[in-house]
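Colleague: model this:
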Amino acid sequence: MDSKRPDTAPDEAGRTAKRTPRTIRFLDPEWRRIEAFADRRGLTGPEFVRFAALAAMEEAPAAPGSCDRLAPLIERTFRYAHVLASAMRGRMLDGGREKELEELVAAARALQDELLGDGQAE
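Modeller: Residues are numbered from 1 along each chain as shown. Model (predicted):
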């Protein structure tokens, strides 16, 4: 934990309570992403994980940026990408660019596997 940040916080009764360390495991690439994301927001990795976990449990309506709010945007983005990819695929096939299309598809699948963690030895 950052030495500038206290390892205490007000408890529900308003008293100061000491935090107890917990263990949670991440793959190194996952933790690097968490730390980079947290750093851009002026937080440490553990602070971000704590705040994100606590925010996910709140009973209040979905906060801005939550999965509930993002789901329609993700679906719409996927639909638009599908339409554009289908149109581009047709143009490439009509233009005799089958080999280039196969290479693009292979690269996209490899990236998808990497992002989803498929085939990682860690």
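Colleague: quick one: the strands in the protein?
Modeller: Using DSSP state E, the strands of the chain run over 8-10, 16-18.
Colleague: where among these is the average confidence lowest?
Modeller: Mean pLDDT across the strands of the chain is lowest at strand 8-10; the value there is a mean of 56.
Colleague: mind listing what Glu103 touches?
Modeller: For Glu103, the contact set (CB atoms under 8 Å, 6 or more residues apart in numbering) is empty. In this view, the C-beta of every residue, glycine as well, is placed from N, C-alpha and C.
Colleague: ok, it to Leu93 distance?
Modeller: From Glu103 across to Leu93, the span is 14 Å (CB to CB, to the nearest Å).
Colleague: and for Arg33?
Modeller: Distance of Arg33 to Leu93, computed by CB to CB: 36 Å.
Colleague: then Asp28?
Modeller: Taking CB to CB as the measure, Asp28 and Leu93 are separated by 41 Å.
Colleague: check Ala36 too.
Modeller: According to CB to CB, Ala36 stands 39 Å off from Leu93.
Colleague: and if you look at Asp68?
Modeller: According to CB to CB, Asp68 and Leu93 sit 39 Å apart.
Colleague: for the chain, what's the longest helix?
Modeller: helix 67-94 (DSSP state H).
Colleague: buried stuff in that one?
Modeller: Neighbour counts using 16 or more other CB atoms under 10 Å place Met92 of helix 67-94 among the buried residues.
Colleague: all set, thanks.
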